[in-house]
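Trainee: Quick check, what structure comes out for this input:
(chains A and B)
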Amino acid sequence: MSFTSIIQSAAIRSLQELSGYQFSENDFQVNETKPEFTGDYTIVLFALVKTLKKSPEVLGKELGDYLLKSYPDFFSSYNVIKGFLNLEIADEQLTELLVKNYNDEHFGKKPLNHKRVMVEYSSPNTNKPLHLGHLRNNFLGWSVAEILKANGNEVIKSSIVNDRGIHICKSMIAWQMFANGATPESTQIKGDHLVGDYYVKFNDEYKKEVEELIQSGKTKEEAEKEAPIMKKTQQMLLDWEQEKPEVRALWNKMNNWVYKGFDETYNRIGSDFDHTFYESNTYLLGKDFVKEGLQKNILFKKEDGSVWIDLTDKNLDEKLVLRGDGTSVYMTQDIGLAKQKFEEYHLDKSIYVIGDEQLYHMKVLKEICRKLGMPFADNIFHLSYGMVELTTGKMKSREGTVVDADELVDEMIATAARHTEELGKVKDFTKEELKELYEILGLGAMKFYLLRVDPKKRMIFNPEESIDFHGFTGSFVQYTYARIQSILRKVGYEQSAINNQQSATGKLLPLERELIIFLEKYTTTVSEAAEEMNPSVIANYVFNLAKLFNSFYVEHSVANAETEEKKILRLHISVMTANIIKNGLGLLGIKVPERM
RNA sequence: GGUCCGGUAGCUCAGUUGGAUAGAGCAUCAGCCUUCUAAGCUGAGGGUCAUUGGUUCGAAUCCAAUCCGGAUCACCA
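Mentor: Numbers count the residues shown, from 1 in each chain, chains lettered A, B, ... in the order given. All right, here's what the predicted structure looks like:
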């Protein structure tokens, strides 16, 4: 149980014994005491005043006295200022918490709750390489999955690969026309980039053809429809659907290039999946529910044969679920796949990590499932995140302002290397050790930068800021960890301190108290991050912890503490801080270096 | 036009179910390496919490209206 909830229930009990009233958790707040007042936790009394018909001062004094008397081991003192009852927690309580948990590498982790959750994230198209936007999605999805695991859920990470459709055919056509058989091996270009190059090539060629047709007197619409390269592409899509062998073979070959490229990138950035869905397998799903929906009069048919659902009662429009020619739209397969996920994996919850431009689509999906009477409809959750924009505006592939994921990763690692060399602290590292360190630092900085803001908000990517290693960054937190390891090496922690389990006596200094109280909060922070599905909660916590520890570090020596007892106490604080940093950063997919 | 999201320091962002004098980082300025790593620490300046009204002991937070920015409303994916 957390300190806050202990205090809350102690107060509820005390108030009942004092006044006879039964209050609940929602009736009053327990906050952390603001730094300018003495105390650790504060009970806000105003809300109780009305019911109890007492002035805040009187009530505060009564409750404070009673709490102190009833829980002498827990509270050491109190004071009342205006309507605020500030309570101080007894030193012994803090040291006990510390001794019990400092060496627990899984502090904050919750027991299994037997809930099964699927997190679908990444979900790339196989016609171009990953970019900055995908990185936010990948880091977010991966991190949320880990946070849910830490809270006792059984999590299945999944991805749906968008591997079919007109956009895929565009790359294929352009490759046929212009590549002269070029392969990743022959060109030494990573497969996803090679295919992406031909996707760009398609658009260039298409634009050229349209231009020419307009010159020869066609309207823009006519030209766009009649451009030969587009006609070829549409024909290829039909051939693909009819499983024409040559087309399927080319499709297979090029997609495999892309998968190989993606795997390399995923490997590097640490994304992994328990299951991958392919749209080429799922795009025909969902047609059966159309029949059923029509029978039940939930769906209706228009004269041209297209099938719709009326969602105007939910403030959404009429939505198409099947085309007039009987082929699927996106919604059709999304409903089919949603159902398949729940049935195959027996999920309690299905989370989709998708950009907020699809908020409407996901809302409609959920509503259709609900109307069709699918029992899982309410367990579909869209974890939407905002777009990543550049300081110069939006990323546009047509204008070449897209930040490529592989390039960015390279750049981050290179910058980490440069910076580390300038500082010259790891000259004795081997080549392999340096390589590992640079990756830990470069990727750490990038992940932290993308995860430290609330996912729901769109964010601005500032290249200079993102490669900064000072302040609110991953490196700052990693540095604190490395510093602690340095202390532990200095005192030979492994050998000696582990045997010193007794709690330190004597008064705790302000920074020592503050740190222990902050460490205690990690458990509730992990829960909060899961509830909100928000890794930035962890990022903020871990940063503030590092900051607090750094203040402590310069103020008080661990290795040369005033007494042996103080040394042990501070070692315990240091070890617990390091454990939580490692753990918390781990939930963000960030590793920690022993030295940097 | 409808719906949804957002507007907090020069910039990027925190700010729990309403609580005390609104906080960080960057940038600027002034200090701190003979002691566990200065990728650090200490301090200073910087705010009409978009605007107006309302709700109440108390509002950045809740409600309404307005202004500004964005997303979305395809027989596209």
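
Trainee: Sketch out the low-pLDDT regions of the stretch 351-500 of chain A for me.
Mentor: A:398, A:495-500 (pLDDT under 70).

Trainee: Which stretches in it count as strands?
Mentor: A:380-385, A:388-390, A:459-461 (DSSP state E, counting those that start in this stretch).

Trainee: for the ones you listed, which one sits closest to RNA strand B?
Mentor: Across those, RNA strand B has its closest neighbour in strand A:459-461 (3.9 Å, Cβ to the nearest atom of the strand). Where you see a C-beta, it was placed from the backbone N, CA and C, and this is true even at glycine.

Trainee: what bits of chain A have low per-residue confidence?
Mentor: For chain A, the ranges with pLDDT under 70 are A:398, A:495-505.

Trainee: Just give me the residue right at the centre of it.
Mentor: residue A:140 (2.6 Å; Cα atoms, centre = their mean).

Trainee: With RNA strand B as the reference, measure out to it.
Mentor: 13 Å (Cβ to the nearest atom of the strand, to the nearest Å).

Trainee: so how far is the helix or strand hosting that residue off the chain centroid?
Mentor: Per DSSP states H and E, residue A:140 falls inside helix A:132-150. Helix A:132-150 has its C-alpha centroid displaced from the chain centroid by 4 Å (Cα atoms, centre = their mean, to the nearest Å).

Trainee: how about the helix or strand following it, does it reach RNA strand B?
Mentor: Once the chain leaves helix A:132-150, the next helix or strand it forms, by DSSP H and E, is strand A:154-161. No. If you take Cβ under 7 Å from any atom of the strand as the test, strand A:154-161 misses RNA strand B, and the best it gets is 11.1 Å.

Trainee: Report the contact partners of residue A:39.
Mentor: Counting by Cβ atoms under 8 Å, 6 or more residues apart in numbering, residue A:39 touches A:33, A:77-79, A:86-88.

Trainee: Out of the residues you listed, which end up buried?
Mentor: The neighbour-count test (16 or more other Cβ atoms under 10 Å) applied to the contacts of residue A:39 identifies A:33, A:78-79, A:86-88 as buried.

Trainee: So which of the residues you listed are in strands?
Mentor: A:78-79, A:86-88 (DSSP state E).

Trainee: ok so, going back, farthest-separated two in the contacts of residue A:39?
Mentor: Farthest pair in the contacts of residue A:39 (Cβ to Cβ) is A:33 and A:77. Separation: 11.9 Å.

Trainee: Need the residues touching each of the two.
Mentor: The contact lists of residue A:33 and residue A:77 share A:39, A:87, where a contact means Cβ under 8 Å, 6+ apart.

Trainee: ok so, going back, using JSON lines, lay out the buried ones among the contacts of residue A:39 together with distance to residue A:315.
Mentor: Below are these laid out as JSON lines (distance: Cβ to Cβ, whole Å):
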{"residue": "A:33", "distance to residue A:315": "45"}
{"residue": "A:78", "distance to residue A:315": "51"}
{"residue": "A:79", "distance to residue A:315": "52"}
{"residue": "A:86", "distance to residue A:315": "47"}
{"residue": "A:87", "distance to residue A:315": "48"}
{"residue": "A:88", "distance to residue A:315": "52"}
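
Trainee: What parts of the stretch 101-250 of chain A come near RNA strand B?
Mentor: A:125, A:162, A:165-167.

Trainee: Of those, which is the nearest to RNA strand B?
Mentor: Checking those one by one against RNA strand B (Cβ to the nearest atom of the strand), the nearest turns out to be residue A:165, at 3.5 Å.

Trainee: Do I have it right that that closest one meets residue A:234?
Mentor: No. Under the criterion of Cβ atoms under 8 Å, residue A:165 makes no contact with residue A:234, lying 11.4 Å away.

Trainee: neighbour-wise, which of these two wins?
Mentor: Using other Cβ atoms under 10 Å, the more surrounded residue of residue A:165 and residue A:234 is residue A:165, with 17 against 14.

Trainee: residues in contact with that one?
Mentor: A:237, A:279.

Trainee: That one and residue A:237, how far apart?
Mentor: To residue A:237, residue A:165 is 7 Å away according to Cβ to Cβ, to the nearest Å.

Trainee: cool, residue A:426 as well?
Mentor: For residue A:426, the distance to residue A:237 - Cβ to Cβ - is 54 Å.

Trainee: more crowded one of these two?
Mentor: Between residue A:426 and residue A:237, counted using other Cβ under 10 Å, the more crowded position is residue A:237 (20 against 14).

Trainee: element containing the more buried one, please.
Mentor: helix A:228-241.

Trainee: Tell me the helix or strand right after that helix.
Mentor: Per DSSP H and E, the first helix or strand lying C-terminal to helix A:228-241 is helix A:245-269.

Trainee: ok, residues contacting that next one?
Mentor: By Cβ under 8 Å, 6+ apart, helix A:245-269 touches A:122, A:124, A:126-127, A:129-130, A:135, A:138-139, A:161, A:163-164, A:168, A:171-172, A:175-176, A:183-184, A:190-195, A:236, A:239-240, A:272, A:405-406, A:409, A:439, A:443, A:447, A:589.

Trainee: pretty sure residue A:376 is touching residue A:340, no?
Mentor: No. With contact defined as Cβ under 8 Å, residue A:376 and residue A:340 do not form a contacting pair (10.8 Å).

Trainee: So for these two, which residue has more residues nearby?
Mentor: For residue A:376 versus residue A:340, neighbours defined as other Cβ under 10 Å are more numerous around residue A:376 (18 against 15).

Trainee: Pull the contacting residues for the residue nearest to that one when sequence neighbours are not counted.
Mentor: Spatial nearest neighbour of residue A:376, chain neighbours left out: residue A:342 (4.2 Å); criterion: Cβ to Cβ, 6 or more residues apart in numbering. By Cβ under 8 Å, 6+ apart, the contact list for residue A:342 reads A:350, A:376, A:379.

Trainee: can you pull the contacts of the last one?
Mentor: The one in question is residue A:379. Here residue A:379 is in contact with A:342, A:347-350 (Cβ under 8 Å, 6+ apart).

Trainee: can you tell me which of the residues you listed are in strands?
Mentor: Per DSSP E, those map to strands at A:349-350.

Trainee: Among the contacts of residue A:379, which one lies nearest to RNA strand B?
Mentor: Among the contacts of residue A:379, and counting by Cβ to the nearest atom of the strand, the member closest to RNA strand B is residue A:350, at 18.1 Å.

Trainee: who's in contact with that closest one?
Mentor: Here residue A:350 is in contact with A:117-118, A:120, A:338, A:341-342, A:376, A:379-381 (Cβ under 8 Å, 6+ apart).

Trainee: does it have beta-bridge partners, and which?
Mentor: residue A:118, residue A:380 (DSSP bridges).

Trainee: hmm, back to that, could you dump the ones in strands among the buried ones among the contacts of residue A:39 to JSON lines with distance to RNA strand B?
Mentor: Below are those laid out as JSON lines (distance: Cβ to the nearest atom of the strand, whole Å):
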{"residue": "A:78", "distance to RNA strand B": "11"}
{"residue": "A:79", "distance to RNA strand B": "8"}
{"residue": "A:86", "distance to RNA strand B": "5"}
{"residue": "A:87", "distance to RNA strand B": "10"}
{"residue": "A:88", "distance to RNA strand B": "12"}
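
Trainee: Looking at the residues you listed, spot the one nearest residue A:290.
Mentor: residue A:87 (61.7 Å).

Trainee: Bridged to the closest one, which residues?
Mentor: residue A:41, residue A:78.

Trainee: tell me the contacts of it?
Mentor: A:7, A:33, A:39-43, A:64, A:67, A:75, A:77-78.

Trainee: What's the separation between residue A:207 and residue A:219?
Mentor: 16 Å.

Trainee: More neighbours: these two, which one.
Mentor: residue A:207 (14 against 10).

Trainee: Any buried residues in the helix or strand encompassing the more buried one, and which?
Mentor: Here residue A:207 sits within helix A:191-215, counting by DSSP H and E. For helix A:191-215, a neighbour-count test (16+ other Cβ under 10 Å) marks A:191-202, A:205-206, A:209-210, A:213 as buried.
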